[in-house]
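sequence and predicted model, in that order:
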Amino acid sequence: MPRKFASVPFDFTRRQILEAYMVMGGIPYYWSFLRPGFSVAQNIDRMFFEEDGEMVHEYDALYASLFRHPKTHIAIVNALATRRGGLLREEILSATSLSDNETFSKALKELEQCGFIRKYTMIGNIKKGSMYQLVDNYTLFWFMFIGENSRGETHFWTSSLDTGVYDAWVGLAFERVCLQHIDQIKKAMGLTTVISTAHSWNWKSPKGSKEPGVQIDLLIDRNDDTINLFEMKYSKSPYSLSSEELSKMEYRKAVFKRETGVGKRIVLSIITTFGLTDNANAADVPVKLTMNDLFQS
């Protein structure tokens, strides 16, 4: 799929196009199966869940078509699918029982080069090593829906809309789309001439502590003494930032600053589908981006 929404040849709404992207990524081969006479939801049911759908057996064929010996690649992907924030190299080895050898290293590298996973470091934890995170849209969709459709329901997708499982997936999938468009995010913030790196970060509260843990999926660390701490929210209309959610963002900011000891300015930032509603809480988030910023060339 091209970066610009206007390039899509069907009369879908931008939100529908985003949803299709969250399922299939930007792979033109997958998009070629969409039929203009169907809604996006109907297309997904037909392509992924009907017995003769074009994408029904794609997971089995995908890795075999890309890699000569895909067993190691699939084992790594299966392990990463169980941990939202990703795994360290040694954690992947433990989860898969694979040997720490050249074959394993090569598989990790190839998965990263093909865009199935991303490699990142956590600010303040460089010595701990790199994290590996599953970010491929189709693979994530397969694990959450196609692999769970054990009864072979042909309308599995449309019957899943607006359920708790759907809401969990759409939030996660939108985050992954944001992580796949870091360059566009930087451009939208005017950072094309500023050296910056993207990170994720998490913190587990000590045993016995009443403090909740923290998961931050996107931080942009800049050499102008600033770090953008992002929240990513999918919604079907402008997102209304509540006082409770703003308090959670402030808490994550405070814990991040306390635990990492960074001396840079931390700027609360948010990416939503259609922007924020104009309320008092929105004014406390200086950087506001929308899905349109993700798909600018």
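Sure, I can see it.

pLDDT below threshold where in this protein?
Within the chain, the set of residues satisfying pLDDT under 70 comprises 1-10, 124-128, 148-152.

now do the domain split for it, please.
Domains of the chain are assigned by automatic domain parsing as 5-56+138-178, 60-135, 183-294.

tabulate these in JSON lines, adding columns for mean neighbour count.
The C-beta positions use only the backbone N, C-alpha and C, and glycine is treated the same way. Compiled in JSON lines, the domains of the chain are given as follows (neighbours: other Cβ atoms under 10 Å):
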{"stretch": "domain 5-56+138-178", "mean neighbour count": "16"}
{"stretch": "domain 60-135", "mean neighbour count": "16"}
{"stretch": "domain 183-294", "mean neighbour count": "16"}
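
and after the longest helix anywhere in the chain, which helix or strand comes next?
In the chain, taking DSSP state H as the definition, the longest helix is helix 243-260. Going down the chain from helix 243-260, the next helix or strand is strand 265-272, by DSSP states H and E.

who does that next one pair up with?
strand 226-233 (parallel), strand 287-290 (parallel) (DSSP bridges).

what strand or helix carries residue 18?
Per DSSP H and E: helix 14-24 holds residue 18.

actually residue 103, not the one I wrote
Using DSSP H and E, residue 103 falls in helix 102-113.

residues in contact with that helix?
Contacts with helix 102-113, where a contact means Cβ atoms under 8 Å, 6 or more residues apart in numbering, come from 66-67, 69, 72-73, 76-77, 89, 92-93, 98, 117-119, 132.

can you add distance to residue 27 and give the strands paired with strand 265-272 back as JSON lines?
Below are the strands paired with strand 265-272 laid out as JSON lines (distance: least, Cβ to Cβ, whole Å):
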{"stretch": "strand 226-233", "distance to residue 27": "22"}
{"stretch": "strand 287-290", "distance to residue 27": "24"}
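
from the contacts of helix 102-113, which land in strands?
Applying DSSP state E to these, the entries found in strands are 117, 118, 119, 132.

show me what contacts the second one?
Read that as residue 118. Neighbour list for residue 118: 112, 132, 133, 135, 179 [criterion: Cβ under 8 Å, 6+ apart].

apply 10 Å and report the result again.
The contact partners of residue 118, by Cβ atoms under 10 Å, 6 or more residues apart in numbering, come to 86, 111-112, 130-136, 176, 179-180, 182, 198, 200.

and it, how far is that from residue 225?
Residue 118 is 26 Å from residue 225, where distance means Cβ to Cβ, to the nearest Å.

looking at the chain, which residue lies furthest from center?
What lies farthest from the middle of the chain is residue 208; by Cα atoms, centre = their mean that is 31.1 Å.

ok, so what distance separates that residue from residue 70?
Applying Cβ to Cβ, the value for residue 208 to residue 70 is 44 Å.

likewise residue 168?
Distance, residue 168 to residue 70, using Cβ to Cβ: 28 Å.

again, but for residue 244
On the measure of Cβ to Cβ, residue 244 and residue 70 end up 45 Å apart.

got it, and residue 131?
The gap separating residue 131 from residue 70 is 23 Å, by Cβ to Cβ.

mind listing the residues bridging to the nearest residue to residue 267 once chain neighbours are set aside?
Residue nearest to residue 267 in three dimensions, not counting chain neighbours: residue 228, with 5.1 Å by Cβ to Cβ, 6 or more residues apart in numbering. Beta-bridge partners recorded for residue 228 (DSSP bridges): residue 220, residue 267.

test my guess that residue 228 contacts residue 256.
No. Contact criterion Cβ atoms under 10 Å: residue 228 and residue 256 do not qualify, at 11.7 Å.

give me the common contacts of these two.
Residues touching both residue 228 and residue 256 by Cβ under 10 Å, 6+ apart: 219, 266.

which residues sit in contact with the most centrally placed residue in the chain?
Nearest to the geometric centre of the chain sits residue 176, at 1.2 Å (Cα atoms, centre = their mean). Listed by Cβ under 10 Å, 6+ apart, the contact partners of residue 176 are 22, 25, 84, 118, 133, 134, 135, 136, 137, 140, 217, 232.
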